[in-house]
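Peer 1: Everything below, folded, please.
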Amino acid sequence: MRSFLLLIKHIAIIGGGPAGLRAAEVATAGGAAVTLFDAKPSVGRKFLVAGRGGLNLTHAEPREMFSTRYHGAEQPPDLWPSLLAEFDAEALRQWAADLGVETFAATSGRVYPRELKAAPLLRRWVQRLRAVGVKFALRHHLTGLRAGTRWQIDFQVEGEIRTVEADAVILALGGGSWPETGSDGAWTSVLEKLDVAVAPLMASNCGWEIFWPPTLLAQAEGKPLKNITARAGETTVTGELLVTKYGLEGGAIYQLGPVLRAMAEPEIFIDFKPAHSVEQLVRKLGNCPRNFLAEARSRWKLSDAVFAILENHAPFTSAESLATMVKNCALKLTRPRPLAEAISSAGGVRWSELDAALMVRRLPGIFVAGEMIDWDAPTGGYLMQGCFATGTRAAHSALAWQRLKELA
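Peer 2: Residues are numbered from 1 along each chain as shown. Sure thing, here's the model as predicted:
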């Protein structure tokens, strides 16, 4: 392969997901010349995949509660309140409105585009970025970073190594989930060669595996567990689950992911009837034959999936023992589903490597945004908001750092 040099002034942004696109928008508005690089033939691929579910942009809950949804090892306690103060849910909704995209908050608090589609928003966004001067360099695979008078960035492009110079670099290459969209985690080796500590990428917001007997799957596979509460350790959440051939999927288990990953022997406890106590369920069952479960199926209105799970724990010797199981059914999990299947990933550049500006301490002029950083959040709009907020901070910081450098 041959090598040649391409000079690019000012800020290079690597990664064309929401964090990178937002960073490009802010940096350009701040007067920088910006080129956005992406390994794929087009940008926003994971953004479009997220749009299959209607594109949950953010959440309508108060900012004080919003900031508590983010977790990560060594994460500064005031970090997310600060990031959201800079670009919060209201700002994101106004940003969409400025693109001509109306949003609405569902009864759950999740915020979606009125059209429930990602493609129209992404198309308008890219058009606006091009109109304000952002240059796009696609099919550029990052292979290396080297310090100098300016940063030297090596890309593989159609079998050749292309070296780009930039005054500042914003890395927004995503985590490790959905690798077909470009978020394959390959960047970890580039940063580790520069002695930047990276926490291993792990599946987050993903299903968990359980060994289900064939008889249970015959009745329950593909069926929901609705209106339940689930507990892992000291954390209890409300939501729904779905029985799959390999275990469980759904918002409830996604929320419990951080707790489950920390357990040597992950286990959840499900309350199938959170609106009733054991005593109330027993009274509702009343006098019935010895087959308590069959009678409870109709009197307690147990779904097919719940009945199948309870049947796997049979026999029950009393109405009390059955009611107790309904209120506290233990399920031992084996492992999370593979990272490639996960909605998002935990792990990434450790917070100890970054300053408050999201600049890598040992690499002045290199900033990081989005899922590359070691933070985790549940579904519900928090992931997208986190990418927009960190992209905003990284761009503002790169602009400020560049101004200080020019004054020195």
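Peer 1: Report how many residues lie close to residue 74.
Peer 2: Residue 74: 12 surrounding residues under other CB atoms under 10 Å. In this view, the C-beta of every residue, glycine as well, is placed from N, C-alpha and C.
Peer 1: Would you quantify the distance from it to residue 350?
Peer 2: Look at residue 74 and residue 350: by CB to CB, to the nearest Å, they are 6 Å apart.
Peer 1: overlap in contacts of these two?
Peer 2: Shared contacts of residue 74 and residue 350, defined by CB atoms under 8 Å, 6 or more residues apart in numbering, are found at residue 374.
Peer 1: got a list of what residue 351 touches?
Peer 2: Residue 351 makes contacts with 72-76, 79, 373-374, as judged by CB under 8 Å, 6+ apart.
Peer 1: Next: residue 257.
Peer 2: By CB under 8 Å, 6+ apart, the contact list for residue 257 reads 203-206, 336, 346, 376, 378.
Peer 1: and with 6 Å instead?
Peer 2: Contacts for residue 257 (CB atoms under 6 Å, 6 or more residues apart in numbering) come out as residue 204.
Peer 1: The one 3 residues further on now?
Peer 2: For residue 260, the residues meeting the contact criterion (CB under 6 Å, 6+ apart) are 232, 266.
Peer 1: element containing it, please.
Peer 2: helix 257-261 (DSSP states H and E).
Peer 1: are any of the contacts of residue 351 buried, and which?
Peer 2: Neighbour-count burial (16 or more other CB atoms under 10 Å) is assigned, among the contacts of residue 351, to 72, 75, 79, 373-374.
Peer 1: just checking, which of those residues belong to helices?
Peer 2: Here DSSP state H is the test, and those give residue 79 as lying in helices.
Peer 1: Taking the buried ones among the contacts of residue 351, tell me the two that lie furthest apart.
Peer 2: Using CB to CB, the pair of those lying farthest apart is 79 and 374, separated by 11.5 Å.
Peer 1: coming back round to it: how far does whichever helix or strand comes after the helix holding residue 260 sit from the chain's center?
Peer 2: Later in the chain than helix 257-261, the nearest helix or strand by DSSP H and E is strand 267-271. With CA atoms, centre = their mean, to the nearest Å as the basis, strand 267-271 stands 23 Å off its chain's centre.
Peer 1: Please name every helix or strand in contact with the next helix-or-strand element following strand 267-271.
Peer 2: Once the chain leaves strand 267-271, the next helix or strand it forms, by DSSP H and E, is helix 278-285. Here helix 278-285 touches helix 292-299, helix 319-327, going by 3 or more CB pairs under 6 Å, 6 or more residues apart in numbering; DSSP states H and E.
Peer 1: Helix 278-285 to helix 292-299, inter-axis angle?
Peer 2: Calculated by axes from the mean of the first three to the mean of the last three CA atoms, to 10 degrees, helix 278-285 forms an angle of 80 degrees with helix 292-299.
Peer 1: buried sites along helix 278-285?
Peer 2: For helix 278-285, a neighbour-count test (16+ other CB under 10 Å) marks 278, 281-282, 285 as buried.
Peer 1: Any chance of those residues in TSV with pLDDT as columns?
Peer 2: TSV is the format used below for the buried residues of helix 278-285 (pLDDT from 0 to 100):
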residue	pLDDT
278	95
281	94
282	92
285	84
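Peer 1: and of those residues, the nearest to residue 124?
Peer 2: Looking at those and their distance to residue 124, the nearest is residue 281, at 53.0 Å (CB to CB).
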